[in-house]
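Student: Turn this into a model:
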Amino acid sequence: MKELRDKVKELLKDKEVDLVIGWGKGSLPFTATPVFVETEEDADNLIFNGSCRNNLTSYLTKDKRRLTKAYKKIGIVVKGCDSRSVVLYAVENQIKREDVVLIGVPCQGVFERKKISELTEGEEVLDFSIEGENIILKGRSFEETHPLKDVLCDACNTCEYPDAPEYDHFIGTPRKKITVPDAYKNVEDFENKSAEERWEYIKNEYSKCIRCYACRNVCPSCYCPECFVDQNDPQWIGKTPEVTDSIIFHLIRNLHIAGRCVDCGSCVSACPVDLDLRVMSKKVEKEIKERFDYIAGTDINEKPAMASFCENEKQDFIMS
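Tutor: I've put the predicted structure just below:
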C-alpha cells in the first residue's frame with residue numbers, strides 16, 4: 001500500500017511522529033504482524049489488507065510505560081474499530097489525544113482464519129487474491145472461489161464504522177457510518193429463547209472455556225493493571241475451569257466492557273476453543289445503545305455511557 005508507506009515516511013521526515021505502529025507481512029498466509037516503524041526505510045515493511053487482524057491500539061495502554069518513556073509522539077495505523085479504541089482511551093483519560101497521530105486506512109474487513117480452514121476442509125492455503133466481492137484461495141492442489149463475506153470475521157460483517165471516525169490523516173476517502181441490516185441478529189435470536197433456553201445456552205457455551213484468558217489479553221478495552229481474576233485478597237472466583245467460575249468470569253467481563261466494547265472481534269479470533277463471545281458482548285452493546293443512545297468510541301467529546309447520567313434515562317431495570 002504505497003500511499004500508506006509514503007504518508008508514514010512523510011510524518012517521520014517532518015518529525016510529526018517519533019514512531020509509527022502498523023502491520024507487516026506475517027510468516028504465514030492470512031497473517032500480519034505488528035511492526036514498529038522508526039525510520040523511513042522501516043516504512044517499506046508496512047502493509048494493509050484483510051490479514052491485519054490485531055487491534056494495535058492495545059500497545060497504547062498495555063505497553064504505555066515503555067512506549068511513552070521512549071517516544072514523545074506515536075503514530076498508529078487504525079481501522080474503524082481501532083480508531084474507536086483510541087477515542088475510548090482519550091475519554092477515559094488513559095492517553096492524551098494530542099500525543100497520538102491516527103492514520104486511518106479504508107477497511108474492507110479482516111479475515112477469520114478459522115472460517116478459511118473450514119471452507120478448505122483443513123487444506124493449507126498458500127496464497128489468495130481478491131476479485132470484487134470474491135476471494136480466490138490457492139493451495140498446492142486446489143484453487144477455490146468464495147464470497148469474500150464468508151471469510152471475514154463476524155464483527156466485520158456487521159460493522160457500521162469500517163473506517164476511522166477519528167483520525168489525523170486518512171489514506172483515501174473515509175466512509176461515514178454505514179447501515180447494516182440485521183446488525184443484532186445474533187442477539188435477537190438469543191433474546192427470542194426462553195429463560196431456560198438462554199441459561200442452557202450459557203452453560204453449554206461457557207463450559208468449553210479453558211480459562212486461558214486470551215480474550216481478556218487481546219481486548220483493547222481490558223487494560224486494568226490487575227484483573228479481578230488475578231486477585232487473591234479477596235479472591236473473587238476460583239482458578240480452575242469450573243463452569244460456574246467460567247460463567248462468572250465472562251459475565252463480569254461483559255459488565256466491565258459495557259459501553260466500552262468496540263466490537264473489533266479480537267476476542268473471538270484469539271479464543272482457542274471457539275467460544276461464541278459476541279452474543280453477550282453484542283447483547284450488552286444493544287442494551288447500552290437502546291438505553292443511553294451511546295456507541296463506544298464514536299464521539300471524542302461524549303462521556304462514556306456508564307460515566308454520565310440523564311434524568312430521562314430508562315429505569316425499568318430497577319422500577320416495575
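
Student: residues in contact with M1?
Tutor: Applying Cβ atoms under 8 Å, 6 or more residues apart in numbering to M1 gives the contacts L46, I47, F48, N49, V105, I171. To be clear about C-beta, it is placed using only N, CA and C from the backbone, and glycine gets the same treatment.

Student: What separation is there between the second one and T33?
Tutor: Pointing back at I47 there. Taking Cβ to Cβ, to the nearest Å as the measure, I47 and T33 are separated by 10 Å.

Student: Overlap in contacts, those two.
Tutor: Common neighbours of I47 and T33 (criterion: Cβ under 8 Å, 6+ apart): W23, G24, K25.

Student: Could you pull up phi and psi at the last one?
Tutor: Yep, that's K25 we're talking about. The phi and psi torsions at K25 (degrees, to the nearest 10) take the values phi -70, psi 130.

Student: Over to the first one?
Tutor: Here the main-chain torsion angles of W23 (degrees, to the nearest 10) amount to phi -110, psi 150.

Student: Tell me what it is bridged to.
Tutor: Beta-bridge pairing of W23, defined through DSSP bridges, involves P34, I47.

Student: picking up where we left off before, which one of the shared contacts of I47 and T33 sits in the busiest neighbourhood?
Tutor: W23 (24 neighbours; other Cβ atoms under 10 Å).

Student: Quickly list the domain ranges of this protein.
Tutor: 2-112+152-307, 113-151 (automatic domain parsing).

Student: which parts of stretch 128-141 are buried?
Tutor: The neighbour-count check on stretch 128-141 (16 or more other Cβ atoms under 10 Å) flags F128, I135, L137 as buried.

Student: What's the end-to-end length of that stretch?
Tutor: In stretch 128-141, first residue to last residue: 14 Å (Cα to Cα, to the nearest Å).

Student: And the contacts of that stretch?
Tutor: 29-30, 50, 116, 119-120, 123-127, 143-149, 151.

Student: Please apply the same query to stretch 199-217.
Tutor: Counting by Cβ under 8 Å, 6+ apart, the neighbours of stretch 199-217 from elsewhere in the structure are 190, 193, 222, 227, 229, 239-241, 243, 245-247, 249-250, 253, 267-268, 270-277, 279.

Student: those helices in the stretch 151-300 of the chain, which residues are they?
Tutor: If DSSP state H, counting those that start in this stretch is used as the criterion, the helices of the stretch 151-300 of the chain fall at 154-157, 185-191, 195-206, 214-218, 243-256, 266-270, 278-292.

Student: do the same with the stretch 1-150 of the chain
Tutor: When assigned using DSSP H, counting those that start in this stretch, the helices of the stretch 1-150 of the chain occupy the ranges 2-13, 59-62, 64-70, 80-91, 113-119.

Student: Sweet, I'm off.
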